[in-house]
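S.K.: Everything below, folded, please.
(one chain, ligands or ions: 3)
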Amino acid sequence: MDLNKEGDRGSAKQKKVKIVFVIGGPGSGKGTQCKRIAQQFGYTHLSVGEILRQEISSGSETGSMIQKIMKEGRLVPSDVTVRLLQQAMQGVNSDKFLIDGFPRNEENVKAFEDLTKMEPEFVLYLDCPQDEMEKRLLSRNEGREDDNIETIRKRFKVFMESTLPTIEYYESKGKIRKVDAGKSIDEVFESIKVIFSQGKDNKVPPIIRHKCKCLIL
Ligand SMILES: Nc1ncnc2c1ncn2[C@@H]1O[C@H](COP(=O)(O)OP(=O)(O)OP(=O)(O)O)[C@@H](O)[C@H]1O
Ligand SMILES: Nc1ccn([C@@H]2O[C@H](COP(=O)(O)O)[C@@H](O)[C@H]2O)c(=O)n1
Ligand SMILES: [Mg+2]
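M.R.: Residues are numbered from 1 along each chain as shown. Ligands and ions are numbered 1, 2, ... in the order given. I've put the predicted structure just below:
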């Protein structure tokens, strides 16, 4: 599969790669739901946070830079993130990708579009109240360095300031599919199943016409 490494638009012979982005605040349940979606609908699940954590584990200089940024709850420069994401996509023989935790800001969007010349089919937005997300993260217990109250609050701020504008961008393109992620894992997945079961010509209408449930800090 050529994900336009050289920046070209690819040949007519290439099969169309379908991409779904999954965004939502920290702890909204992106990873949890992506595992289920991947299993039930045959997508390759790539968590961008995981890809970045793998780079940290590799011990590279880039990994050290990423570790510092992540500990502070900030966002990694998009050229680094998108290069690693593109490598991960090229390393899998799949034509359906579920990209978890991406994009996080407008720079992510631009870097992805510029490098891959691709766009998501749609963007799944898990909308969850902030107090619920905080509770989930504080009891996650996966040993993540950024799951402490100080960094969690910074991550919420980054979400409100940098990620919400990307949701508005995709909403203007009719690509946002929003679900109420404050419910139980099974209930959230029921709503998601409806979205993924829609055919191409039977799209769920865009629904972000009211404010998200997250509190403005
Ligand atoms: N609907 C839910 N109800 C209760 N707990 C949930 C729900 N969804 C996920 N969780 C739990 O909340 C925690 C965070 O979920 P998850 O890791 O999927 O979130 P995330 O959006 O990927 O977070 P991050 O952005 O930090 O990676 C996990 O411990 C998970 O088991
Ligand atoms: N597009 C992205 C995604 C993630 N990050 C950094 O990784 C951290 C953890 O991400 P999770 O999706 O696993 O929560 C996040 O707080 C950022 O520091 C990023 O920079 N860009
Ligand atoms: Mg996650």
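
S.K.: going forward, measure contacts and count neighbours with C-alpha atoms only.
M.R.: Will do.

S.K.: And the helices in the chain?
M.R.: 30-41, 48-57, 61-71, 78-90, 106-116, 130-138, 149-158, 164-172, 185-197 (DSSP state H).

S.K.: Could you find the closest non-adjacent residue to the residue nearest in space to the middle of the chain?
M.R.: Nearest to the geometric centre of the chain sits residue 101, at 2.4 Å (Cα atoms, centre = their mean). In space, and not counting its chain neighbours, residue 101 is closest to residue 23: 5.3 Å by Cα to Cα, 6 or more residues apart in numbering.

S.K.: in the sheet, who's paired with that neighbour?
M.R.: residue 125 (DSSP bridges).

S.K.: Need the helices of the chain in JSON lines (columns: mean neighbour count, mean pLDDT and distance to residue 17).
M.R.: Listed next are the helices of the chain as JSON lines, based on neighbours: other Cα atoms under 10 Å; pLDDT from 0 to 100; distance: least, Cα to Cα, whole Å:
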{"stretch": "helix 30-41", "mean neighbour count": "16", "mean pLDDT": "98", "distance to residue 17": "15"}
{"stretch": "helix 48-57", "mean neighbour count": "16", "mean pLDDT": "98", "distance to residue 17": "18"}
{"stretch": "helix 61-71", "mean neighbour count": "16", "mean pLDDT": "98", "distance to residue 17": "28"}
{"stretch": "helix 78-90", "mean neighbour count": "17", "mean pLDDT": "98", "distance to residue 17": "10"}
{"stretch": "helix 106-116", "mean neighbour count": "18", "mean pLDDT": "97", "distance to residue 17": "11"}
{"stretch": "helix 130-138", "mean neighbour count": "17", "mean pLDDT": "98", "distance to residue 17": "32"}
{"stretch": "helix 149-158", "mean neighbour count": "18", "mean pLDDT": "98", "distance to residue 17": "30"}
{"stretch": "helix 164-172", "mean neighbour count": "17", "mean pLDDT": "97", "distance to residue 17": "19"}
{"stretch": "helix 185-197", "mean neighbour count": "15", "mean pLDDT": "98", "distance to residue 17": "16"}
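
S.K.: To residue 178, which of those lies closest?
M.R.: helix 185-197 (8.8 Å; Cα to Cα).

S.K.: what does stretch 133-140 rub up against?
M.R.: Outside of stretch 133-140, the residues within contact range by Cα atoms under 8 Å, 6 or more residues apart in numbering are 25, 26, 27, 28, 147, 148, 149, 152.

S.K.: Is it positioned near ligand 1?
M.R.: Yes. Stretch 133-140 reaches ligand 1 (Cα under 6 Å from any ligand atom) through 136, 137, 140.

S.K.: of all those residues, which comes closest to ligand 2?
M.R.: residue 137 (9.9 Å; Cα to the nearest ligand atom).

S.K.: What's the local residue count around the nearest residue to residue 66 once chain neighbours are set aside?
M.R.: The shortest distance from residue 66 to any non-neighbouring residue, by Cα to Cα, 6+ apart, is to residue 76 (6.2 Å). Neighbours of residue 76 under the rule other Cα atoms under 10 Å: 18.
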